[in-house]
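Asks: what follows is a predicted protein model with its sequence.
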Amino acid sequence: MRATRRGLVLGGLAASLPLPRPAWAADDERHGLSSFGDLKYPKDFPNFDYVNPMAPKGGRFSGQISGTVGNQSLGTFDTLNIYVLRGSGAAGLVFTFDSLMTRALDEPDAIYGLLARSVSVSEDGLTYTFELRPQARFHDGSRLTAQDAAFSLKILRDKGHPEIAETIRDMTDARAEGEGRLVVTFAPGRARDLPLIVAQLPVFSAAYYAQRDFEASTLDAPLGSGPYRVAAVDPGRSIGLERMPDYWAADLPVNVGRNNFDSLRYEYFRDRTVAFEAFKSGAFTFREEFTARVWATGYDFPAVAEGRVVRERVPDARPSGTQGWWINERRAKFKDPRVREAIGLCFDFEWANRNLMYGAYTRTASFFENSDLKATGAPSPEELTLLEPHREKLPAEVFGEPWLPPVSDGSGQDRALLKRADALLREAGCTRSGSEMRLPGGEPLTLEFLDDDPVFQPVTQPYIRNLGLVGIRASSRMVDPSQYQARLKDFDFDLTARRYSGGVTPGAELRDLYGSRAAATPGSNNMAGIADPVVDALLSAIAGAESRAALTTACRALDRVLRAGRHWVPMWYGDQHRLALWDVFGRPATPPKYDLGAPATWWSDTDKARRIGRE
C-alpha cells in the first residue's frame with residue numbers, strides 16, 4: 001500500500017461564499033484555533049494529555065518514511081529542500097522547522113501556539129495577527145522574527161510546491177509590524193481553515209535565503225529552528241537527524257513530553273523485500289507493515305520468537321484515505337466514464353483479497369472511507385440543496401444510492417462483470433477486432449500501470465490478464481523512484497496506484513486532489529485530472545462550511561459526485577496500524593486519537609533495550 005500523507009495543504013474559496021465566523025469575539029487574543037472554535041485545552045495547559053511529561057530523553061529511533069510532504073518520495077531522495085517542486089525530498093525535514101502554531105493530535109483540527117504566543121482575529125475574519133515569542137531562535141542562535149515568518153509565507157505562496165502554493169493562494173499578504181508581530185491577511189471568501197494551515201507552515205530564515213535560491217535542489221541542510229537538525233546524509237540511502245540540545249521551545253506546553261529521541265534515522269530501500277530483511281537484521285527498529293502477505297507469513301524469524309521484536313495492531317480513527325489506481329483523464333482514451341468503469345470492472349477484489357492478501361482488507365467504496373463523511377443511502381434534504389442546482393450536469397445515479405464497486409464471484413474472472421465491461425466499451429463506441437478492443441478512432445485501447453515498487457505486482461498481473469479478456473492491451477512498467485516522481489509531476493502515466501490520507505475536518509486541501517486548477521498544475525496531487533465545475537462548487541462548499549454538520553453534508557455530496565465519475569479503480573483499506581518493533585520503545589499510556597504519535601511522543605526505554613541487547 002502506498003501511503004501518502006498530505007497535511008499542509010489548503011486552497012482558496014469562491015468569493016461569493018459567506019466567510020465563516022470564528023466562535024470567539026473578534027480581536028480577543030487566543031492561545032489556539034480550530035475550524036469551528038472549539039478547543040480542548042485551556043490557555044494555561046501544562047502539556048497535551050497524550051504525552052508523558054516525564055519521558056526520558058536519549059536513545060535512537062530508526063525507521064522508513066511512510067508518508068510524504070511536498071516533493072518527498074517513498075523510495076529515494078536527492079534534496080533536503082522538500083517544500084518546492086524540484087527534486088525528491090528526504091525524510092525527517094519537518095522536524096527541523098517550527099511553525100506559528102502546531103496540532104493537538106487528540107482533537108480533530110485544533111492548533112496551539114508555538115512560535116506565536118497568541119493570535120487575534122479581525123471583525124471581518126480576514127486579518128490574523130500573531131504575536132511571536134521573543135525567545136524564538138534559529139539553530140545558529142539568531143532571533144526568529146516576524147520578518148522571517150512573513151518572508152516564509154509569501155515565498156511558499158509564490159514559489160512553494162504546488163500542493164502548498166495552490167492551496168494558500170487566498171492568503172493576500174503577510175507583513176511584519178516590528179520583530180514580534182506578524183499580520184496575515186486573506187481574500188474575502190477565504191477557506192474556513194486556511195488560517196489554520198497557514199499557521200502550520202514552516203518558517204524559514206529570510207537572511208539564509210537572501211544568499212540562496214529557494215527553489216533549488218540541494219543537499220545542504222537549510223537553517224531551521226525546530227527540535228532537530230540534519231546530522232548525516234547518504235543521498236538515496238539514509239538521513240540522520242540529531243536533537244538540538246538547546247532547542248528554544250523544548251519547555252513550551254506544546255512540546256513537553258515530545259521530541260524525546262537524541263537521534264532520528266530514516267533508511268531508504270528500493271525493494272520492500274530488501275527493506276524487510278534489513279529490519280529483521282536490526283538495521284532499523286520501527287516498521288509499519290503495509291503488506292498483508294508479509295504480516296501473515298513473514299514474521300517467523302528468531303527475533304520474534306525470542307520476544308526481541310514485537311507485533312501489534314493499533315486502531316486508526318482517521319478516515320482511511322483514498323487508495324486506488326488513478327486513471328489519467330487528461331488522455332483522450334480515458335475521457336469517457338464508461339471506459340473508466342469498464343477498466344474497473346476487470347479488477348476482482350474478492351479473489352485478490354482472499355488469495356493474495358489473506359482476507360485482511362475491505363474494499364474501498366468512498367473517497368471518505370471509514371468516516372462519517374462517507375455518503376450512504378439516498379441524498380438527505382441538505383445534500384439535495386447542494387446537488388439540485390447542478391442536476392442537469394450530473395448523472396442520475398448521484399440522486400439515488402451512491403455508486404459501489406462491484407462484488408465479484410471470487411473466481412478471479414467473473415464472467416458477468418467482464419461481460420458488463422465489454423458492453424460498456426461498446427456503448428462508448430469501441431469495437432472489437434479479434435482479440436483487440438479499438439477506440440472509436442480505430443486505435444487499440446491500451447493502458448500501462450506505472451509504479452516504482454513491485455509490491456502490487458501479484459495483484460496487477462491477474463488484473464492485466466482480465467483486461468486482456470475484454471480486449472484491453474495492458475502492461476505494467478516499473479521505473480526507478482526518481483523517474484517515477486518526475487513522471488507523476490508531469491502526469492505522464494495511464495494508471496498509477498496512490499493513497500491519500502486525510503483528517504476528520506477536511507477543507508480546501510481537497511482542491512489539490514480534485515480541483516480543476518490542480519488538474520492543470522504540474523506537481524499537484526490531482527492524479528486523475530478531475531476538472532469538473534460541479535466538483536469545484538462542492539469543494540467551495542466544504543471549504544466554507546460554517547459548522548461540522550454543514551461540512552459533513554458537503555463532503556457526502558462531493559463523495560456522491562466523485563464516485564459517479566469513475567475516476568479511479570478503488571483498492572482496499574484497513575482501520576488499524578500494523579506495527580513491528582524491536583522492543584526498545586516506551587510510549588504514553590494514552591495515545592493520541594488522530595495520529596500514531598511516533599516518533600514524536602515515544603521514547604527510548606533503556607531497560608528494554610538492555611534486555612534484548614540493543615543498548
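Replies: Looks like it came in fine.

Asks: relative to Q323, how far out is the closest residue to D480 other than its chain neighbours?
Replies: Distance criterion CB to CB, 6 or more residues apart in numbering; nearest residue to D480, sequence neighbours excluded, is D452 at 6.4 Å. In short, each C-beta sits where N, CA and C put it, glycine included. Separation of D452 from Q323 (CB to CB, to the nearest Å): 16 Å.

Asks: please enumerate the helices of the stretch 201-350 of the chain.
Replies: Applying DSSP state H, counting those that start in this stretch to the stretch 201-350 of the chain gives helices spanning 206-209, 272-280, 292-297, 302-305, 337-345, 349-356.

Asks: got the end-to-end distance for stretch 357-374?
Replies: 25 Å (CA to CA, to the nearest Å).

Asks: how far off centre is that stretch?
Replies: 16 Å (CA atoms, centre = their mean, to the nearest Å).

Asks: now swap in stretch 284-304 and tell me
Replies: For stretch 284-304, the distance to the chain centre is 24 Å (CA atoms, centre = their mean).

Asks: pLDDT below threshold where in the stretch 201-350 of the chain?
Replies: Low-confidence segments of the stretch 201-350 of the chain (pLDDT under 70): none present.

Asks: ok, now with 80
Replies: Scanning the stretch 201-350 of the chain for pLDDT under 80 picks out 321.

Asks: strands of that one, start to end?
Replies: Taking DSSP state E, counting those that start in this stretch to define them, one finds strands in the stretch 201-350 of the chain at 228-234, 238-243, 263-267, 286-288, 309-315, 322-327.

Asks: tell me which of those strands is the most buried.
Replies: When those are scored by mean count of other CB atoms under 10 Å, the highest mean neighbour count falls to strand 322-327 (a mean of 25).

Asks: ok, it: who's next to it in the sheet?
Replies: As defined by DSSP bridges, the strand partners of strand 322-327 come to strand 495-501 (antiparallel), strand 568-570 (antiparallel).

Asks: could you dump the first one to CSV, C-alpha only?
Replies: What follows is strand 495-501 as a C-alpha-only set of coordinates in CSV (Å, rounded to 0.1, in the frame of the first residue of the first chain):
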residue,chain,number,x,y,z
LEU,A,495,-2.8,4.4,-14.4
THR,A,496,-0.9,4.7,-11.1
ALA,A,497,-1.5,3.5,-7.6
ARG,A,498,-1.6,6.2,-4.9
ARG,A,499,-3.1,6.6,-1.5
TYR,A,500,-4.0,10.0,0.0
SER,A,501,-5.0,10.1,3.7
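
Asks: following the lowest-mean-pLDDT helix or strand in the chain, which helix or strand shows up next?
Replies: Lowest by mean pLDDT, DSSP states H and E among the helices and strands of the chain is strand 4-5, with a mean of 38. Note on strand 4-5: by DSSP states H and E, the next helix or strand toward the C-terminus is strand 32-33.

Asks: how far away from the center of its chain is that following strand?
Replies: In terms of CA atoms, centre = their mean, the centre of strand 32-33 is set 22 Å apart from its chain centre.

Asks: and the contacts of that strand?
Replies: Contacts with strand 32-33, where a contact means CB atoms under 8 Å, 6 or more residues apart in numbering, come from 22, 39, 41, 101, 104, 110-113, 119, 195-196, 199.

Asks: that's a strand at V504, yeah?
Replies: No. Assessed with DSSP: H, G, I helix; E, B strand; the rest coil, V504 is coil; it does not lie in a strand.

Asks: got a list of what it touches?
Replies: Here V504 is in contact with P108, D109, A317, R318, P319, S371, L373, Y594 (CB under 8 Å, 6+ apart).

Asks: closest to D348 out of the strands paired with strand 322-327?
Replies: strand 568-570 (11.4 Å; CB to CB).

Asks: which residues sit against the closest one?
Replies: Strand 568-570 is contacted from outside by 322-327, 343-344, 347, 363-365, 405, 495, 528, using CB under 8 Å, 6+ apart.
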